[in-house]
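Participant: Here is the input, now give the coordinates:
(chains A and B)
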Amino acid sequence: MRDPLNRRILREIKGEAGKYAVIFIFMVALIGIASGYFIADESLKVAYDNSFADYNIEDGNLEFAEKPDSSVLEACEDEDITLCENTYKDAPCDDDSTVRLFTERKKVNKVSLLDGGLPAAEDEIALDRLYMKSNDIQQGDTIVLDGHGYKITGIIALPDYSALYKDISDFMFDTEKFGVGIVTESGFDRVSDSYVHWSYSWKYDDPPAEVFGSEATERGDELVKALAKKAVLTNYIPTCRNSAIKFAGNDLGHDRIMMIVMLDMLIVIIAFVFAVTTSNTITKEANVIGTLRASGYTRFEMIRHYLAAPMIVLLIACIIGNVLGYTVFKDLMADMYLGSYSLVSYKTLWNPNAFIDTTVIPMIILIAINVIMLASKLSLSPLKFIRRDLKRHQRKKAFKLNTKIPIMTRYRLRVLFQNYAGYLTIVVGIFFASVIMLFSQMFSPLIDKFSEDSINSMISRNTYILKAPVPTGDEDAEKFAAGSLKIVRGDFTEDVSVYGISADSRYFHAALGSDAVKVSSAYADKYGLKVGDSITLSDEYGENEYTFDFSGVYEYPSALVVFMDIDFFNETFDMDEGYFSGYFSNRELDDIDEKYIASIVTEDEVTKTSRQLRRSMGNMMSIFVVLGIAVVVLVVYLLSKVMIEKNAQSISVAKILGYEPREISGIYIRTTTIVTVLSFLLCIPLESKALDWLWRAMMMEYPGWLAPDVPASAYIKTVVMGLATYFVTTFLLKRKVNKIPMDEALKNTE
Amino acid sequence: MFIEICDIKKAFGEGESRVEVLKGISFELEKGEFCVLLGPSGSGKSTLLNIIGGIDRADSGHISIGGEKTADMNEKALTRYRRKHLGYIFQMYNLIPNLNIKENIEVGAYLSDNPLNVDDILKTLGLYEHRHKLPNQLSGGQQQRTAIGRAIVKNPDILLCDEPTGALDYNTSKEILRLIETVNQKYGSTVIMVTHNDAIKNMADRVVKLRDGVIRKNTLNEHKQSADELDW
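Facilitator: Model (predicted):
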């Protein structure tokens, strides 16, 4: 015979419809978001990984200073590679951005056509999806490049530009200022040859086993050294070092752990909410439980019974959440990636890991926490349940409170201590909700500040990086030498710019010693450097290591930079005396031929990180706000409701005695109000530390640095939003108190 | 006349399941009078007490306390009425479990502009040494004494007692009745006590016997006994 108690499970859910509805909605949204993220992440990652074969992505590319003749190409191909022409032109657009134009590459780096068609006429173009989105360009519009109009016939993604890095040495890509496009041969010819780059892609005749493995790195590095001896190359980069290809792949799946931690922490909070509410139900039904236990029901049967309702609700929420994850939220989450990366088309894939993370593990967490609580609570003897004597240790006396404290305050304190488990869960819930909301609130000001600081700390308005040390007649220009080294941290490497500065510099406002270096504030902050430390960096191919004594920090928050005296620079890197590779200048240098300029660092350049971060993460921030508010509502409302129900009889007595509703609310709801307000305020230092830790841990995995900085306004907004949410829920709680009938006290409960 | 109860009618349920619990109850009480409402289960005595106490409303008829009709009062006014005039003692004590004994009495004192001294009451009730204990640490009699303390500390005009000895043994019941008698005599509170214990009627000034929602007998007790003299 089936357990007849099962018949009341659905009635229990129906009877507590409000409680279960709140938890259910929250869980569906949470599981939906998490599942959508995991599915989108995995589907995009698989599409990305497959794109190497599907679109025949190059193994590397090199750029010649001039159009190479066939003998040069053949000499290069002697290194067991095949070269494919990949010539492009960086065409200037009217809006100050650049579009890198290719003709359709049929052998390597094949185009992924996302919508429309490829160009057929000279005035047609298929343009990168993300560049179009960032600049609000629609299919069918006309874009003007180098003075020529091109009608956009199709939307594409190029597999070798999944991250739209204009230059592989750039700290960050900027999808607003740089895009890629495909034109016809005649369309290509319309653009001035002055923008041409003689680029060639290579494919190994015998490719390494893994695209980004150590074998690929070693072979890539060996090859470019060999090729450099055979031709005058202006650029060469194996795919394993090409950020435009590998950056998106590194980022996909990168936030998975953080999402799992966030999901599991929220599930733990939900499990505790269930534990507290179920514990309250057990207290209410103590005499029934005692009777059933006395009649022969086992403890296990009782545990199973009280676990059933939360499990059913969570299981249904998980299933619906997963369905929504595969349908609605998957696209929302994919949009986050597609807002940052120009990824090839993808198919939604069934992801068993997502099911485990969003259904199996939450169920295990819920069962574990609730079984522990239920086993402990139901371990008392049937007689104790019948007598409603559920205290494990009988207290002889209430703990003393100074009788000078007004009775209402003492009453509130007693309510507080009576419900400490519930209030503790509220504090933890508010802490967690605040961290989530603070994260979203700090984001925009952080980006603004970073952008402002980056502009304010620019060494000069224009920093010219030269391909060759050419002179200028402009007196405003000041020579410097620049290079690039690498920080190697386990499998993670990132570039550090090295600047050699003149001793009497007008642009760099700090003294540099002859044998020590200063580092940018971003570098010092990221790696926790202190004066007196030494830093070790390696060159591009890891052949040489350089160790420098670190003598101070230079305020430069936008990049990881080592500053040293120019003579020390030339001596360290075996350069000739007087060598330089760029100019600082507050004016534009008109007398340098563009072909000698590798890049110009301007305001636009130093703020592109902040622009890109805002574009790619901005939408995510509003999800965080909603999530934080939902946690506040869920935890505060449900646990306060439990406390009110637990004290229903006392509330009823108070009403009969003549206490007014506001006085009763003053006891039961104001206690929650005080705990909530204090939690929001007193958790701030802890939240600040948690957020600092979280942000630093997150940023350590990315190249570059954005120092964590939570402005006071973010705390204020978070507290105001949290409290506003709470005060809305108090209306519901007050209604609950007002609805407790006076005859509750007249029921003969023992 | 301090309390005037005039043609009170009350029914529960609808249609076929409608039950008339009070079918026109009328009687009057003087200030300081001790009235016992006597009757078997289902006679309507607790319902009548709840209506007098302003925690339930009559379908028709009215109750007037010191000239104020409770039927005319809204919820707020009824709360003020209970706060100002009434003390309530329940069969199951209904103490607030997370407050200690003294605090439970202070909860009553808080409602009054002119409460009695809490420590004096604790001593009078023999609870002074238990004042820091929680209700569940006390015997039923001690809990009921605490409930009496909570009711009388605000020096109410009317003390409503719903089967105050219903859950107590003989000796404890007599002890509680002695206390209620003392309150009635010492503070001049009007006492209305619901009971089905026939012996208790002997300590009342007035006995109102109810059966099936109507008054069977409304008598003044000419040979009133003290609580000590009661026996059952």
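Participant: so what's residue A:617 closest to, chain neighbours aside?
Facilitator: Nearest non-adjacent residue to residue A:617, counting by CB to CB, 6 or more residues apart in numbering or on different chains: residue A:443, 6.7 Å away. Just so you know, the C-beta spots here come from the backbone N, C-alpha and C atoms, and that holds for glycine as well.
Participant: no, scratch that, I was asking about residue A:375
Facilitator: In space, residue A:375 is closest to residue A:303, 6.2 Å off (CB to CB, 6+ apart).
Participant: Likewise for residue A:595?
Facilitator: residue A:467 (7.4 Å).
Participant: from memory the one you found sits against residue A:593, does it?
Facilitator: No: counting by CB atoms under 8 Å, residue A:467 does not reach residue A:593; the two are 10.0 Å apart.
Participant: neighbour-wise, which of these two wins?
Facilitator: Per other CB atoms under 10 Å in any protein chain shown, whichever of residue A:467 and residue A:593 has more neighbours is residue A:467, with 14 against 8.
Participant: and the nearest residue to residue A:238 once chain neighbours are set aside, which of the three is it?
Facilitator: The shortest distance from residue A:238 to any non-neighbouring residue, by CB to CB, 6+ apart, is to residue A:220 (2.5 Å). Secondary structure for residue A:220, judged by DSSP: H, G, I helix; E, B strand; the rest coil, is helix.
Participant: And the pLDDT at residue A:220?
Facilitator: With respect to pLDDT, residue A:220 has a value of 75.
Participant: That one against residue A:240, yeah?
Facilitator: Yes: here residue A:220 reaches residue A:240: they are 5.5 Å apart, a contact under CB under 8 Å.
Participant: and the residue in the stretch 551-700 of chain A that chain B sits nearest to, what does it touch?
Facilitator: Closest to chain B within the stretch 551-700 of chain A is residue A:658: 2.8 Å, counting by CB to the nearest CB. Neighbour list for residue A:658: B:79-84, B:86, B:111 [criterion: CB atoms under 8 Å, 6 or more residues apart in numbering or on different chains].
Participant: which residues sit against the one helix or strand residue A:564 maps to?
Facilitator: In this structure, residue A:564 sits in strand A:561-565 according to DSSP states H and E. Counting by CB under 8 Å, 6+ apart, strand A:561-565 makes contact with A:485, A:496-501, A:503, A:508, A:510, A:512-514, A:516-520, A:522-523, A:535, A:537, A:548, A:554, A:572, all of which sit outside it.
Participant: neighbouring strands for that strand, and are they parallel or not?
Facilitator: Within its sheet, and counting by DSSP bridges, strand A:561-565 is paired with strand A:492-501 (parallel), strand A:516-520 (antiparallel).
Participant: confidence score at residue 209?
Facilitator: I'll assume chain A. Per-residue confidence at residue A:209 stands at 75 (pLDDT).
Participant: ah, I was thinking of chain B
Facilitator: 94.
Participant: and if you look at the one 3 residues further on?
Facilitator: Note on residue B:212: pLDDT of 92.
Participant: Can you list the helices and strands that the longest helix along chain B packs against?
Facilitator: Counting residues, the longest helix found in chain B (DSSP state H) is helix B:170-187. Here helix B:170-187 touches helix B:140-152, strand B:158-162, strand B:190-195, going by 3 or more CB pairs under 8 Å, 6 or more residues apart in numbering or on different chains; DSSP states H and E.
Participant: so can I have a markdown table of these showing mean neighbour count and distance to residue A:683?
Facilitator: What follows is the helices and strands packed on helix B:170-187, written out as a markdown table (neighbours: other CB atoms under 10 Å in any protein chain shown; distance: least, CB to CB, whole Å):
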| stretch | mean neighbour count | distance to residue A:683 |
| --- | --- | --- |
| helix B:140-152 | 25 | 38 |
| strand B:158-162 | 25 | 47 |
| strand B:190-195 | 25 | 52 |
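Participant: Adding distance to chain A, write the ones you listed out as CSV.
Facilitator: Output for the helices and strands packed on helix B:170-187, formatted as CSV (distance: least, CB to the nearest CB, whole Å):
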stretch, distance to chain A
helix B:140-152, 8
strand B:158-162, 7
strand B:190-195, 11
